[in-house]
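okay, predicted coordinates and the sequence, questions at the end:
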There are 2 protein chains.
Amino acid sequence: MKVLILGGGGFVGQKLARSLVARGTLRGENIKTLVLADVVDPAVVEAPFGVEVATCDISDPDQVNQLISEDVDVIYLLAAIVSGQAEEDLDLGMRINMMGTLNVLERCRALPHAPVVVFTSSVACFGGDLPDVITDQTLLNPQTSYGAQKAIGELLINDYSRRGLIDGRGFRLPTISVRPGKPNRAASGFMSSIFREPLNGMTSNCPVSRDFPHFYLSPRKCIENLIKGAEISAEDFGQNRCMTMPGQNLTIGAMIDAMTAVAGPEPEKLITYETDEDVWAIAKGWQFTFKTDKARALGLTADESFEENIRYYIEDDQPNA
Amino acid sequence: MKVLILGGGGFVGQKLARSLVARGTLRGENIKTLVLADVVDPAVVEAPFGVEVATCDISDPDQVNQLISEDVDVIYLLAAIVSGQAEEDLDLGMRINMMGTLNVLERCRALPHAPVVVFTSSVACFGGDLPDVITDQTLLNPQTSYGAQKAIGELLINDYSRRGLIDGRGFRLPTISVRPGKPNRAASGFMSSIFREPLNGMTSNCPVSRDFPHFYLSPRKCIENLIKGAEISAEDFGQNRCMTMPGQNLTIGAMIDAMTAVAGPEPEKLITYETDEDVWAIAKGWQFTFKTDKARALGLTADESFEENIRYYIEDDQPNA
């Protein structure tokens, strides 16, 4: 079993790599080789089997063709330009998020057997006039270029799977919180930083009000779901390979209360509330409530409460914890 | 007012050109130039103003950039590889239907003002597990490569419009019946040929049963709607520029009865009923019922009965009629 993680240098890619190493198996087979690829050399992950690192710009078909070897069994396609940056730079987002995805699928098409491709999509695929509850049957009507590019990726994953060229599966990630590390350029960044920074004794600004509702998942559960997602039998997907990954529907206020329940009253005092018009212009379209029946029926799960998300951050990611 | 029809050599493009010439105006302005472009030289349409013809392969960005001049006001993007052929040849469909659309939008992005772009999409965007009635909020889940490519086109039309790079509007055409001329490679071709050939004294095979339900529009109404579609104010679209064009929900049997009501009992006797597995593999996913509230609210309409469709064919298109 050879596994390739495109976007293997990102925080999801690195956590996924460490989880795969800890398991040692995927789809019932021993992992013999794990390749981590990213635009810059990803950090190596220690393992009892071969771990390779590689650089690859997925917008370049030659680099993709060279990277993806004939013996690959499972490809995680996590590499992406995030929402804020894709909105700023249409060319870059199109090149990586749309053409990069297509380049990977075209390479898979040329392989002697169709690999499993696990694609991370996003709830940013939803937007515009929405029903009160978003289900597996809700129209994808993105209101950002990032969402449009991810929705295009889903259509490609579905069509290439239907044709038997890949065995694809796509999961729209909820907003991942609490993300470790530094803020990135995702417009959703504040939904992690208002917990992460205060838990580390630093101030952080919340650009929306406490009653802002959204849909969240912890990194730990996200990784569990990405592994389960590779293991679902192809025939169980029916006529759509893409779906929303389970998460929790919560307000920012409820999440802050969960932080206080776990970590005491001090962190909350470090949160400021100043509206950011640029973030709000994007985030106002994200006041979603989700039902994720299909993913749950296929065995994917969400955190039980946001207190878990806070604890997981402290256990897994807090510096010097 | 300068109007460009990409796909101007096809039957919709030619009919649209003749209607635009007959009107002489679009969006309240006199048409000064009409350009018909296609992969092979389109037939010239006589007009009291300038009509140019040009060849253009929209999959070639250089040809697109050369064709689309800075002074274009309205572009009809009708050019496409049809469903049967796009299913047979994935490369060709991707090149024309996906990359060709993107090439046109990228050229529009470089123009000094954002042109109106009218994009013809398809009800083939719908598929898989569907509700009893397809509405403006139903998920696009195509089960053909043609449908996937058209759904991608819609996402691009929406995103480029949202960014102000074009003033786009996309209409999912119902199956057009009765189409004039020869059969094309669309899997839906029989839905015209079983009327057209018998009305002209020739036999034709119906590969589905009389109770097959589907969604239809006459060429005449389609052209009317494409003209209205260019004239809708941008602000009236809300957060989605794409929608299904109105049509009639009918069974094949009801349509044959309408032909008999208009043309007498002889044509029906020329229809044979032999199942075609290849056509059925695609057409079985098309047993749709539609509600097209958004398009109707914006002023688009359907035929009143299929007897109109038969009469329009006899009036507009029947050879030697």
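Happy to help now that I have it. Numbers count the residues shown, from 1 in each chain, chains lettered A, B, ... in the order given.

please parse chain A into its domains.
Residue ranges for the domains of chain A, per automatic domain parsing: A:2-176+A:216-244, A:187-214+A:248-289+A:304-317.

tell me the gap between the first one and the middle of its chain.
To tie it back to what came earlier, the one meant is domain A:2-176+A:216-244. 8 Å (CA atoms, centre = their mean, to the nearest Å).

just the shortest one next, same as before
Offset of domain A:187-214+A:248-289+A:304-317 from its chain centre (CA atoms, centre = their mean): 18 Å.

end to end, how far does that domain reach?
End-to-end distance for domain A:187-214+A:248-289+A:304-317: 21 Å, by CA to CA, to the nearest Å.

next: stretch A:171-187.
Stretch A:171-187: ends 20 Å apart by CA to CA.

anything in it near chain B?
No: applying CB under 8 Å from any CB of the partner chain, one finds stretch A:171-187 separated from chain B by no less than 12.4 Å. (C-beta placed from N, C-alpha, C; glycine too.)

and that stretch, what's its mean pLDDT?
For stretch A:171-187, the mean pLDDT works out to 88.

surely A:Thr275 and A:Asn205 touch.
No: with contact defined as CB atoms under 8 Å, A:Thr275 does not reach A:Asn205; the gap is 9.4 Å.

neighbour count winner among those two?
In this view A:Thr275 and A:Asn205 are compared by other CB atoms under 10 Å in any protein chain shown, and A:Asn205 has more residues nearby, 15 against 11.

and that one, how close does it get to chain B?
27 Å (CB to the nearest CB, to the nearest Å).

could you do A:Gly189 as well?
Distance, A:Gly189 to chain B, by CB to the nearest CB: 22 Å.

before we move on, what SS does that residue have?
Secondary structure assignment for A:Gly189 (DSSP: H, G, I helix; E, B strand; the rest coil): helix.

contacting residues around the nearest residue to it once chain neighbours are set aside?
Spatial nearest neighbour of A:Gly189, chain neighbours left out: A:Pro183 (4.6 Å); criterion: CB to CB, 6 or more residues apart in numbering or on different chains. A:Pro183 makes contacts with A:Gly189, A:Ser192, A:Ser193, as judged by CB atoms under 8 Å, 6 or more residues apart in numbering or on different chains.

will you turn the residues you listed into TSV that also has neighbour count?
Shown next, in TSV, are the contacts of A:Pro183 (neighbours: other CB atoms under 10 Å in any protein chain shown):
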residue	neighbour count
A:Gly189	21
A:Ser192	24
A:Ser193	21
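
nearest to A:Arg107, of the residues you listed?
Using CB to CB, the shortest approach to A:Arg107 within the contacts of A:Pro183 belongs to A:Gly189, at 31.7 Å.

neighbours of whichever residue of the stretch 1-150 of chain A sits closest to chain B, how many?
Proximity of the stretch 1-150 of chain A to chain B (CB to the nearest CB) peaks at A:Gly128, 3.4 Å away. The number of residues packed near A:Gly128 is 16, by other CB under 10 Å.

likewise A:Gly181?
12.

check contacts around it.
Neighbours of A:Gly181 in contact, by CB under 8 Å, 6+ apart: A:Phe11, A:Asp317.

phi, psi of it?
Note on A:Gly181: its backbone torsions stand at phi 80, psi -150 [degrees, to the nearest 10].

equivalent analysis for A:Phe119, please.
Dihedral angles (degrees, to the nearest 10) for A:Phe119: phi -110, psi 130.

tell me what it is bridged to.
A:Leu77, A:Gly170 (DSSP bridges).

now do it against B:Val133, distance only.
According to CB to CB, to the nearest Å, A:Phe119 stands 30 Å off from B:Val133.

repeat for A:Met243
On the measure of CB to CB, A:Met243 and B:Val133 end up 23 Å apart.

the more surrounded of those two?
Taking other CB under 10 Å, A:Met243 and B:Val133 do not tie; A:Met243 has more neighbours (24 against 11).
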